[in-house]
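K.L.:
Below is the sequence, then the predicted model.
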Number of protein chains: 2
Amino acid sequence: MIQPAILLTPGPTPVPESIRQLMAEPIFHHRTPRYRKIFGDVSQRLKKVFLTQNPVYTFAGSGTLAMEAALVNFHSAGDKVLVVENGKFAERFTAIAKAFGLSPIGLKVPYGEAPAPRQIEEMLAKDKDIKAVCVQLCETSTAVLSDIKAIGEIVSRTEALLIVDAISGLGADRLETDLWKVDLVVSGSQKALMLPPGLAFLSVSPKAKARMATAKLPKFYYDLKHYEKSMADNDTPWTPALTLVLGLQKSLEMIETEGIDAVFKRCSENAQYTRETLQKMGLKLFSKAPSSTVTAACLPDGVDGEKLCKIMRDEKGVVVAGGQGEQMKGKIVRICHMGAIGREDLETGLKVLAETLKEMKSSSGSCCCSCQ
Amino acid sequence: MIQPAILLTPGPTPVPESIRQLMAEPIFHHRTPRYRKIFGDVSQRLKKVFLTQNPVYTFAGSGTLAMEAALVNFHSAGDKVLVVENGKFAERFTAIAKAFGLSPIGLKVPYGEAPAPRQIEEMLAKDKDIKAVCVQLCETSTAVLSDIKAIGEIVSRTEALLIVDAISGLGADRLETDLWKVDLVVSGSQKALMLPPGLAFLSVSPKAKARMATAKLPKFYYDLKHYEKSMADNDTPWTPALTLVLGLQKSLEMIETEGIDAVFKRCSENAQYTRETLQKMGLKLFSKAPSSTVTAACLPDGVDGEKLCKIMRDEKGVVVAGGQGEQMKGKIVRICHMGAIGREDLETGLKVLAETLKEMKSSSGSCCCSCQ
């Protein structure tokens, strides 16, 4: 691979040098006033990205850990949860729910499409026992944005909790946690927060907190009772992923300096630029509800997406993502425009994509749409 | 606090500059041959520190996550597990077991003492239903080393699994996983492996693997079935804590270059030096079974250990650990000698300790032993 590469994947995203250098400073102990001050600051600043007054808990772990924490802390065996299934990551909620003996009800939505809020409304009306609705802010595997505002309005009128997986979307696609009445927001460090992977986050609404008291699924590591208690002292119950938390303080400062609205605007403009450039290349967009986090384009007939990504990465130093899972593999290319990814990198990356497609002798082919 | 400080705490331990600089390089994507090569290498090299042929699984998370994984992957609700309780971390096994509806049987051992293998033997003989024995290699809170070899010999003659928490001890106190018949070894990155916190490890014996098939406790994130499957491709099921894995490759190389036996010898010699120096100061050692990982000394009458540590840290730039938990708080001081902690830092640290004790007008006091 050509070094340094241009990284346009939907996580990990590039980590700014100032953050990398900060994390490379000599380590110090976490059970100290120094760390508690930083962690207290980070926990407050996170709220400004989550757009919430709710507590945001930080775990050492991958995003999947926080998805699991969002289900397990608030449910008991047999509880029905409605899972919008419109991609690989959405379906992970179903897998977790099954593993814990919950009763997931899948709302299957064709890949590339966002869930219709009305369908969720109908399902909740039909079955009053549904305890939670799980949905993706941006389904990373298909680049589809859900209408969380409309879904929040519907779910908030019921007893169910709204769980939003914003692992990739948070800080790129606007998510108004409080205004849109989202109970649990899951996120991770390696996306719009511009950090290496290893931190996971969960914000918890008062409605969700009230449910905790009756939830019976077994848990320890991510049991929020431990985190609540420690948070009162700006601390964590177990050893935190210290260097990543230090980096997080810096990245949150950077986001605040730019302004969260300016960040959303930048991601949105870069997303629009990406969509337009892909369409000018003759590619069709895969997502019918495009996001500011990542864009997916269908590949022309005869172009193997796996091979395309490999050539771009190994021969041209531009790293983009292909399709994930059986249904999508080789059929789409995904370009990310969140976090520290700038317009210049997008321009270069998209140019290299166009060149590579041309070299693969497929520039004349129209989109096969077989990916849909 | 004076910067840079000398860090003598039992985790996090100092991270060598070469590792920190490596982790600060531009990030790359983990679903690539480049990462799989590194992770495959790391997974093999880990075995040389665990002294095992068993697979060693790497999680994104704190050590506590791997303790939980060691219990949950191999048990069903109601299972009896024998927990040696001789310190704060030992007792965490009991807390986890209770949280998951297991039936922990506590073998209470006075703080400062190692468990008597014969007692474990008697308890296993009396109750054939005991499914596992949980014990600390080095109980970090009391600096006590267990006789894992003797315990392994006993447990291996039964159906029970031997779970050893080696979070702090691995790579400092010799643990012959295979020779001593240990089924599950738990560890973490921020101790003798010289990395920041954020990675947890678990090695799994064939005897333990056979138990997995019948274990019914719910799990997903650390369900070893997912890890086994991914490990075949040198991959992880969820996004790994990428930068820490890169650092791990470097730290494992450093350990191999020095030689694991030389590392054990160095830690042992530094431990002996620490014990002798503390005793020359007139302090009594707290642990009756001293370890090469960390040493604990009782403080003289009238010396507040919390205050001592604070003065050393804030005014003299030497960070040592005090006592943990209600029973030990303020009563002991703990000095670590594993990982990248060298003799020079120990010399300085112990000199500063002696000076500070003197300044606290307590150098003439004999050990109160109230800490025992």
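P.N.:
Looks like it arrived, so ask away.

K.L.:
quick one: the strands in the stretch 101-250 of chain A?
P.N.:
A:103-108, A:130-136, A:138-139, A:144-145, A:161-165, A:184-188, A:199-204 (DSSP state E, counting those that start in this stretch).

K.L.:
Can you tell me what sits against the first one?
P.N.:
Going back to what we said before, that points to strand A:103-108. By C-beta atoms under 8 Å, 6 or more residues apart in numbering or on different chains, the residues outside strand A:103-108 that reach it are A:78-86, A:93-94, A:97-98, A:115, A:119-120, A:123, A:127, A:130. From N, CA and C alone the C-beta is placed, and that goes for glycine too.

K.L.:
Out of the strands of the stretch 101-250 of chain A, which one sits most buried?
P.N.:
When these are scored by mean count of other C-beta atoms under 10 Å in any protein chain shown, the highest mean neighbour count falls to strand A:138-139 (a mean of 34).

K.L.:
So it, near chain B or not?
P.N.:
No. Strand A:138-139 lies out of reach of chain B by C-beta under 8 Å from any C-beta of the partner chain, never closer than 15.7 Å.

K.L.:
on contacts alone, who are the packing partners of that strand?
P.N.:
helix A:88-99 (3 or more C-beta pairs under 8 Å, 6 or more residues apart in numbering or on different chains; DSSP states H and E).

K.L.:
Just the CA coordinates for the helix it packs on, please, in PDB.
P.N.:
C-alpha atoms of helix A:88-99 as PDB (Å, rounded to 0.1, in the frame of the first residue of the first chain):
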ATOM      1  CA  LYS A  88     -25.900  -5.200   8.400                       C
ATOM      2  CA  PHE A  89     -25.600  -3.000  11.500                       C
ATOM      3  CA  ALA A  90     -29.300  -2.700  12.000                       C
ATOM      4  CA  GLU A  91     -29.500  -6.500  12.000                       C
ATOM      5  CA  ARG A  92     -26.900  -6.700  14.800                       C
ATOM      6  CA  PHE A  93     -29.600  -5.500  17.200                       C
ATOM      7  CA  THR A  94     -31.600  -8.500  16.300                       C
ATOM      8  CA  ALA A  95     -28.600 -10.800  16.900                       C
ATOM      9  CA  ILE A  96     -27.900  -9.200  20.300                       C
ATOM     10  CA  ALA A  97     -31.600  -9.400  21.300                       C
ATOM     11  CA  LYS A  98     -31.700 -13.100  20.400                       C
ATOM     12  CA  ALA A  99     -28.500 -13.800  22.300                       C
END
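
K.L.:
these two touch, right, residue A:147 and residue A:118?
P.N.:
No. With contacts counted by C-beta atoms under 8 Å, residue A:147 stays clear of residue A:118, the gap being 10.6 Å.

K.L.:
These two: who's more crowded?
P.N.:
The neighbour comparison of residue A:147 against residue A:118 (other C-beta atoms under 10 Å in any protein chain shown) goes to residue A:147, with 16 against 10.

K.L.:
Excluding residues flanking it in the chain, which one is nearest that one?
P.N.:
residue A:117 (5.8 Å; C-beta to C-beta, 6 or more residues apart in numbering or on different chains).

K.L.:
And for residue A:41?
P.N.:
That would be residue A:249: by C-beta to C-beta, 6+ apart, it lies 6.1 Å from residue A:41.

K.L.:
for that neighbour, what are its contacts?
P.N.:
A:38, A:41, A:42, A:45.

K.L.:
got JSON lines for those residues, with pLDDT too?
P.N.:
Listed next are the contacts of residue A:249 as JSON lines, based on pLDDT from 0 to 100:
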{"residue": "A:38", "pLDDT": "98"}
{"residue": "A:41", "pLDDT": "98"}
{"residue": "A:42", "pLDDT": "98"}
{"residue": "A:45", "pLDDT": "98"}
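
K.L.:
Between those residues, identify the one with the most neighbours.
P.N.:
Most surrounded of those: other C-beta under 10 Å gives residue A:42, at 23 neighbours.

K.L.:
That one contacts residue A:252, doesn't it?
P.N.:
Yes. Between residue A:42 and residue A:252 there is a contact at 6.4 Å, judged by C-beta under 8 Å.

K.L.:
measure residue A:324 to chain B for me?
P.N.:
Between residue A:324 and chain B the distance is 9 Å, computed by C-beta to the nearest C-beta, to the nearest Å.

K.L.:
surely that residue meets residue A:92?
P.N.:
No. With contact defined as C-beta under 8 Å, residue A:324 does not reach residue A:92; the gap is 11.3 Å.

K.L.:
And those two? Which one has more around it.
P.N.:
residue A:92 (22 against 18).

K.L.:
My guess is that one contacts residue A:67. True?
P.N.:
Yes. The criterion here is C-beta under 8 Å, and residue A:92 meets it with residue A:67 at 6.3 Å.

K.L.:
For the closest residue to chain B within the stretch 251-372 of chain A, give the beta-bridge partners.
P.N.:
Nearest residue of the stretch 251-372 of chain A to chain B (C-beta to the nearest C-beta) works out as residue A:319 at 5.5 Å. Beta-bridge pairing of residue A:319 under DSSP bridges involves residue A:7.

K.L.:
Quick one: neighbours of the closest residue to residue A:24 other than its chain neighbours, just the number.
P.N.:
Leaving out its chain neighbours, the residue that sits closest to residue A:24 by C-beta to C-beta, 6+ apart is residue B:24, at 3.8 Å. Residue B:24 has 21 neighbouring residues, counting by other C-beta under 10 Å.

K.L.:
repeat for residue A:330
P.N.:
Every residue meeting other C-beta under 10 Å relative to residue A:330 is counted, giving 16.

K.L.:
and the stretch 251-372 of chain A, which of its residues are near chain B?
P.N.:
A:313, A:319, A:321.

K.L.:
No further queries at this time; thank you.
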